[in-house]
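S.K.: sequence first, then the predicted structure, then my questions.
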Number of protein chains: 2
Amino acid sequence: MGKPLPMRQDKSVVDHITAGLTRIAAALRSQAWEGSTAEGLTPTQGQILMLLAEREGRPMRLNDVAAELCMTAATASDAVAALENKSLVRKARSAEDHRVLTITLSAAGRRAASRSSGWADVVRAGVMRMTPEEQGAFLRGLTKVIGTLQERGVISVARMCAGCEYFRPYLHADAAKPHHCGLMNKPMGEPQLRMDCPEFVPGQEPDQAERWQRFLSGRQTNQ
Amino acid sequence: MGKPLPMRQDKSVVDHITAGLTRIAAALRSQAWEGSTAEGLTPTQGQILMLLAEREGRPMRLNDVAAELCMTAATASDAVAALENKSLVRKARSAEDHRVLTITLSAAGRRAASRSSGWADVVRAGVMRMTPEEQGAFLRGLTKVIGTLQERGVISVARMCAGCEYFRPYLHADAAKPHHCGLMNKPMGEPQLRMDCPEFVPGQEPDQAERWQRFLSGRQTNQ
DNA sequence: AATGATATTTAGGAGTCCTGATTAATTCAG
DNA sequence: CTGAATTAATCAGGACTCCTAAATATCATT
């Protein structure tokens, strides 16, 4: 009773989760340093190699690289130039548009990428300790966070299911595999949600808005 | 039909989760830049202010600050010196040990911290979209990841429940509140798990090893 | 009192990362 | 089809990060 106390609000789950993510971000940053310098690379250079390796074959534009890693084109340009000097990537002008640069991994680059990719292993090890249910919920949660980052313009495109033309959230009644991928034409469960799908096709508005809403609201009978 | 394709091994949940965490880490890094520079601070300076603000009153040592933010003492020393010049923190030698530096937030520092703390809000917004169950699972998952980082020496101390003397994982049968906090002497559920508890007391070996194992293995009848 | 360990600072160098200006190519208007 | 905007990449520069290694001061032990 009495007036509402100015009692400091106990930190909520949300704050604790945010703090945890921040913590992991800091750890990853320092790991990236150690892991890359061991290979004679800088952290950014290492990240670029890994990004290219993930995209296999498919060359990337400089701008895309920058956007994906949340840095300016100038910073990315520097790092790519350094990588070219080391013959780890090849730069070439695109045939259709001579302004754009297509960046391809060389054979040596591919090897360097796989050698230096170990820096995320500590995180991987932690993730492996989650139960399958935790992993599913975690992946769904990550998708929501990243989707929000995207809505707010913090990151550009995330090639994840929830933003893909082919994705049908909660289409099926089966609780184990509630979602559907129109490309594979198969039901899929939470653990199959992808963060960086090679087949990703950006969803078009207004369908996209509805897809995202449906994914957010979760298993619901109405709507 | 025909022969088994040399189809590349599909990436597992673990990889997708790791990729997602990496993505968020990159986004946070760039957000920290924007948020801090707006206040006339550098990212590290902003982080230090926020860290001190979280610890309310309690002053911190330079080394602790550095460890918490995964940077060397040298880097932290620089940033703290800059903050002192701006009168946002006060430095003082500890009375008990004249080697250690105690760092305290000034009133202006407290204000600056709360103004610049908005940079994690995008993440917070995403987390708020998770269902309570997702939040619980997410927090438990984060704890496992951070605990592993700690085991591997990537980060020093995390002031989280799973490493605390007072914590009794899975003590109760109640699925909603399976854990127990010996300090509050109350059962607690997943959403109450803390990432940065003010009351944290580091668990001692060998109890700590057992506590951690019990937390990892989850609700189990035996042992 | 000498030795070793701990906490912080200093010095120096490579890298990050930004803003703003520049060059080149493409697209669009008239 | 030419001139003006737009877009992709680069260059120039400066402030900050972040490291290692060495120096300084203070405990803690012998």
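M.R.: Noted; the coordinates are in hand.

S.K.: now the spatially closest residue to residue A:160 that is not a sequence neighbour: how far from residue A:100?
M.R.: The shortest distance from residue A:160 to any residue other than its chain neighbours is 5.1 Å, reached at residue A:195 (C-beta to C-beta, 6 or more residues apart in numbering or on different chains). (Each C-beta comes from the backbone N, C-alpha and C, glycine too.) Separation of residue A:195 from residue A:100 (C-beta to C-beta, to the nearest Å): 26 Å.

S.K.: same deal with residue A:19?
M.R.: 40 Å.

S.K.: ok, those two, which is more surrounded?
M.R.: residue A:19 (23 against 14; other C-beta atoms under 10 Å in any protein chain shown).

S.K.: which of the three states applies to the more buried one?
M.R.: What DSSP: H, G, I helix; E, B strand; the rest coil gives for residue A:19 is helix.

S.K.: roughly how far does it sit from chain B?
M.R.: 4 Å (C-beta to the nearest C-beta, to the nearest Å).

S.K.: find the centremost residue of chain A, please.
M.R.: For chain A, the residue nearest the mean C-alpha position is residue A:195 (5.2 Å; C-alpha atoms, centre = their mean).

S.K.: give the rounded mean pLDDT of stretch A:182-190.
M.R.: The average pLDDT for stretch A:182-190 rounds to 92.

S.K.: that stretch close to chain B?
M.R.: No: taking C-beta under 8 Å from any C-beta of the partner chain as the criterion, stretch A:182-190 and chain B are apart, separated by no less than 8.6 Å.

S.K.: where in chain A is pLDDT low?
M.R.: Scanning chain A for pLDDT under 70 picks out the ranges A:1-10, A:220-223.

S.K.: mind listing the strands in chain A by residue range?
M.R.: With strands called from DSSP state E, chain A shows them at A:60-61, A:89-93, A:101-105, A:167-168, A:179-181, A:186-188.

S.K.: ranking these by burial, who's on top?
M.R.: Of those, the one with the most neighbours on average (mean count of other C-beta atoms under 10 Å in any protein chain shown) is strand A:167-168, at a mean of 22.

S.K.: show residues contacting stretch A:158-166.
M.R.: Contact with stretch A:158-166 is made by A:143, A:146-147, A:149-150, A:157, A:167, A:169, A:179, A:181-183, A:193-204, A:207-208, A:211-212, A:215, B:23, as judged by C-beta atoms under 8 Å, 6 or more residues apart in numbering or on different chains.

S.K.: can I have the buried ones of these as a ChimeraX selection?
M.R.: In ChimeraX, a selection of the buried entries from these looks like this (16 or more other C-beta atoms under 10 Å in any protein chain shown):
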select /A:143,146,147,149,150,167,169,179,181,193,194,195,196,197,200,203,208,211,212,215 /B:23
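
S.K.: find the nearest non-adjacent residue to residue A:197, please.
M.R.: That would be residue A:159: by C-beta to C-beta, 6+ apart, it lies 5.4 Å from residue A:197.

S.K.: quick one: name the residues of chain A near DNA strand D.
M.R.: Counting by C-beta under 7 Å from any atom of the strand, chain A comes close to DNA strand D at A:29-30, A:33, A:61-63, A:73-74, A:77, A:80-81, A:91, A:97, A:99-101.

S.K.: PyMOL command for the buried members of those?
M.R.: Restricted to buried positions by 16+ other C-beta under 10 Å, the PyMOL selection for those reads:
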select buried, chain A and resi 29+30+33+61+62+77+80+101
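
S.K.: between all of the residues of chain A next to DNA strand D, which two are separated the most?
M.R.: Across these, no pair lies farther apart than A:30 and A:97, at 38.6 Å, counting by C-beta to C-beta.

S.K.: hmm, back to that, next, count neighbours for the residue nearest to residue A:197.
M.R.: Counted with other C-beta under 10 Å, residue A:159 comes out at 18.

S.K.: how near is it to residue A:198?
M.R.: 8 Å.

S.K.: what does residue A:162 give?
M.R.: Distance of residue A:162 to residue A:198, computed by C-beta to C-beta: 16 Å.

S.K.: go on, residue A:168?
M.R.: According to C-beta to C-beta, residue A:168 stands 19 Å off from residue A:198.

S.K.: for chain A, which segments count as helices?
M.R.: Here chain A has its helices, by DSSP state H, at A:13-38, A:43-54, A:62-68, A:73-85, A:107-116, A:121-127, A:132-151, A:207-217.

S.K.: which elements pack onto the third one?
M.R.: Just to be clear, that refers to helix A:62-68. helix A:43-54, helix A:73-85, strand A:101-105 (3 or more C-beta pairs under 8 Å, 6 or more residues apart in numbering or on different chains; DSSP states H and E).

S.K.: my read: residue A:27 touches residue B:154, true?
M.R.: Yes: Residue A:27 lies in contact with residue B:154 (C-beta atoms under 8 Å); the separation is 5.1 Å.

S.K.: mutual contacts of those two, please.
M.R.: By C-beta under 8 Å, 6+ apart, the residues touching both residue A:27 and residue B:154 are A:122, B:70.

S.K.: quick one, which of those two is more surrounded?
M.R.: Taking other C-beta under 10 Å, residue A:27 and residue B:154 do not tie; residue A:27 has more neighbours (24 against 20).

S.K.: quick one: contacts for that one?
M.R.: Applying C-beta under 8 Å, 6+ apart, we find residue A:27 in contact with A:122-123, B:70, B:146, B:149, B:154-155.

S.K.: from those residues, which two are the most distant?
M.R.: Using C-beta to C-beta, the contacts of residue A:27 reach their maximum pairwise distance at A:123 and B:70, which is 13.3 Å.

S.K.: between the two, which is the more surrounded one?
M.R.: residue A:123 (25 against 20).

S.K.: that one touches residue A:28, doesn't it?
M.R.: Yes: between residue A:123 and residue A:28 there is a contact at 6.8 Å, judged by C-beta under 8 Å.

S.K.: who touches both of the two?
M.R.: Common contact partners of residue A:123 and residue A:28 (C-beta under 8 Å, 6+ apart): B:21-22.

S.K.: re the thing from before, and which of the contacts of residue A:27 is nearest to residue B:85?
M.R.: residue B:70 (24.1 Å).

S.K.: so that closest one makes contact with residue B:155?
M.R.: Yes: here residue B:70 reaches residue B:155: they are 6.2 Å apart, a contact under C-beta under 8 Å.

S.K.: what touches both of these two?
M.R.: With C-beta under 8 Å, 6+ apart, residue B:70 and residue B:155 have common neighbours A:26-27.

S.K.: thinking again about what came up before, what residues are up against the residue nearest to residue A:160?
M.R.: Counted by C-beta under 8 Å, 6+ apart, residue A:195 has contacts A:139, A:142-143, A:146, A:158-160, B:16-17, B:19-20, B:23.

S.K.: skipping its backbone neighbours, what lies nearest residue A:70 in space?
M.R.: Nearest one to residue A:70, counting by C-beta to C-beta, 6+ apart, is residue B:30 at 4.0 Å.
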